[in-house]
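# Got a sequence here, can you model it:
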Amino acid sequence: MRLSFLINIYFFIGLVMLPVTIYSYFAEGSLFYYLVILEMVFLIPGFLYSTTNLYKKLKKFFYRFINKGIELEKELKKTPDVLLGDVLVVFAFVWLISGILFALPFYFYGIPLVDALFEAFSGITTTGFSVIGPLNQYPSDLLFYRSFLNWLGGLGITGFALTALKGLTGKGFAKVYGVPEDAHIFKYLFVVYLVLTFLGWLLLIGVGLDWFDALNMVFSAISNGGFSHRDDLDLTQAQRIAMGIIMFIGSISMLIYINLLKGKLQLGESFYFYIMVVIALIVMLRYFGGIDWIESMLYVFATITCGGYGYVDYHLNDTATFFLILAMLMGGMLVSTAGGIKAGRILVMLKFVKEQVAKYFRQYSAMSKVRLNNQPLDSHSLNNIISFVFLFVLSYFGLATLLMEYGYGMKDSLFVAASTISNVGASTIDMTYMPDFLKLIIMAFMYIGRIEILPVIALFGKLYLSIKT
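Residues are numbered from 1 along each chain as shown. You can find the predicted model right below:
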């Protein structure tokens, strides 16, 4: 993978971060100089690269200007083919290095190194765990920076950056995200994300929050990140419901919103399955958890969307806790800001099991394929889903076992492990006083859960082969 791809990615991230840097300057300014340095790290390589390729860019611009409506087929054909493995490596590498870089402002402000890394990775992975506090002792620009990291990670760091990439590389990344191989798909995703954020911000202002509280909270809610920016914020029932609605909106596939922008309503089987599971969980919590309908809805919205926003108390009975663990592990829909296994994959796995059972009651030649939205899934896609679910569940139980080894109870360990690997951020354990080693382990699993395991295997496999040879 060429260095120019990484330069483009970080240049775009630097551009997106400019509003945070500007806010820091006009607010307390406690992070301003650190953010300027970070911006320079992101922007200068891209600026130098763009300058050295100015002639090429101008030539391309005039070519497109003169030949309006003509696809650059010859140019795309010259683009070197990129293996999916290489794309996975870049995908994992960008998230890893970004987490380290985003930790620097926290560290230079005075937060211990491990805690700074934890906050940064919790932010960009949209997990929402926090080991710093009380929050009211920190300046507003630092807290705004935390909330922004949630928002930046919501659609995916590389998702933002890919609005700047074109050609076969963009198509390779589309496979990682599970979206159509459309040259403009990431631009559509970016626009939809901006629109949903703005509408969510207006909704929170409409239920009585001031513009700054509303902006911080919508950053955490639409991204399903869960970071809180204040300890003393007492939400009304209407504000809590509004937050739940925003988190739920973020957990719906962005492809549905893109189709709506194009004037088409295409929901699909995954959407209906997801809605059915949400309703079923609300009913289960109402009758087995012994809580009212509104609270049941908020519990489900805070867990299945992987938002985890801290306006609910997770001290429930064992049955209700078990249902919330299932909600966290499943997560929202594919191509959404939610984490977890995702509803679409769960639906495919159920169809696969049904198909395996059904084949014993018919001849082998008559065996049909697993279908989703009336389209048969090829064996490659099915194998990828099965492999991912297996590795996800294995990682979950591995982390839960590790937490139990550190002395935490089974119920807490299973809950926090699900919250970590699904990037939920709800916790029944105070992580502030965890040993640094365990914080690093939690951080690693947040990272693994967000980029969905396979890119991590590709990255470290590539590093191993590089060292071996």
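
# ok, residue 31 to residue 18 distance?
Distance, residue 31 to residue 18, by Cβ to Cβ, to the nearest Å: 14 Å. C-beta here means a position set from N, CA and C on the backbone, and glycine is covered the same way.

# got it, and residue 227?
From residue 227 to residue 18 the distance is 20 Å (Cβ to Cβ).

# ok, these two, which is more surrounded?
Set residue 227 next to residue 18 and count neighbours by other Cβ atoms under 10 Å: residue 227 wins out with 30 against 13.

# got a list of what the more buried one touches?
122, 123, 128, 130, 146, 147, 149, 150, 219, 220, 425 (Cβ atoms under 8 Å, 6 or more residues apart in numbering).

# Out of those residues, which comes closest to residue 345?
Set against residue 345, the nearest of the contacts of residue 227 by Cβ to Cβ is residue 425 (21.3 Å).

# Would you mind giving both backbone torsions of the closest one?
Here is the backbone geometry of residue 425 (degrees, to the nearest 10): phi 90, psi 0.

# Just confirm it contacts residue 226, I think it does.
Yes. In this structure residue 425 lies within contact range of residue 226 using Cβ atoms under 8 Å: 3.8 Å.

# Now for these two: what residues contact both?
126, 127, 128, 307, 308, 309.

# Which ones among the contacts of residue 227 lie within helices?
Among the contacts of residue 227, the members falling in helices (DSSP state H) are 122, 123, 146, 147, 149, 150, 219, 220.

# Which of the helices or strands spans residue 214?
In this assignment (DSSP states H and E), residue 214 forms part of helix 211-222.

# neighbouring contacts of that helix?
If you take Cβ under 8 Å, 6+ apart as the criterion, helix 211-222 is touched by 128, 140, 143-144, 147-148, 150-151, 154, 193, 196-197, 200-201, 203-205, 209, 225-230, 233, 243, 246-247, 249-250, 307, 309, 337.

# for the following helix or strand past it, packing partners?
On the C-terminal side of helix 211-222, the nearest following helix or strand under DSSP H and E is helix 237-250. Judged by 3 or more Cβ pairs under 8 Å, 6 or more residues apart in numbering; DSSP states H and E, helix 237-250 is in contact with helix 185-206, helix 211-222, helix 293-304.

# which of the residues in helix 237-250 are buried?
Going by neighbour count (16 or more other Cβ atoms under 10 Å), the buried part of helix 237-250 is 239, 240, 241, 242, 243, 244, 246, 247, 248, 249, 250.

# ok, back up a step: list buried members of the contacts of helix 211-222 by neighbour count.
Buried among the contacts of helix 211-222 (16+ other Cβ under 10 Å): 128, 140, 143-144, 147-148, 150-151, 154, 193, 196-197, 200-201, 203-205, 209, 225-229, 233, 243, 246-247, 249-250, 307, 309, 337.

# Can you show me the strands along this protein?
371-372, 375-376 (DSSP state E).

# Out of the ones you listed, which one sits most buried?
Most buried of the strands of the chain by mean neighbour count (mean count of other Cβ atoms under 10 Å) is strand 371-372; its value is a mean of 14.

# just how off-centre is that strand within its chain?
25 Å (Cα atoms, centre = their mean, to the nearest Å).

# per-residue confidence averaged over it?
Here strand 371-372 scores 75 as its mean pLDDT.

# coming back round to it: taking helix 237-250 as reference, get the angle to the helix holding residue 214.
In terms of direction (axes from the mean of the first three to the mean of the last three Cα atoms, to 10 degrees), helix 211-222 departs from helix 237-250 by 40 degrees.

# ok, and for helix 211-222, which residues are buried?
In helix 211-222, counting by 16+ other Cβ under 10 Å, buried: 213, 214, 215, 216, 217, 218, 219, 220, 221, 222.

# The last one - nearest residue in space that isn't next to it in sequence?
With sequence-adjacent residues excluded and distances taken as Cβ to Cβ, 6 or more residues apart in numbering, residue 222 is closest to residue 250, at 4.6 Å.

# In contact with that neighbour, which residues?
154, 196, 221, 222, 223, 224, 305, 307, 332, 336, 337, 338.
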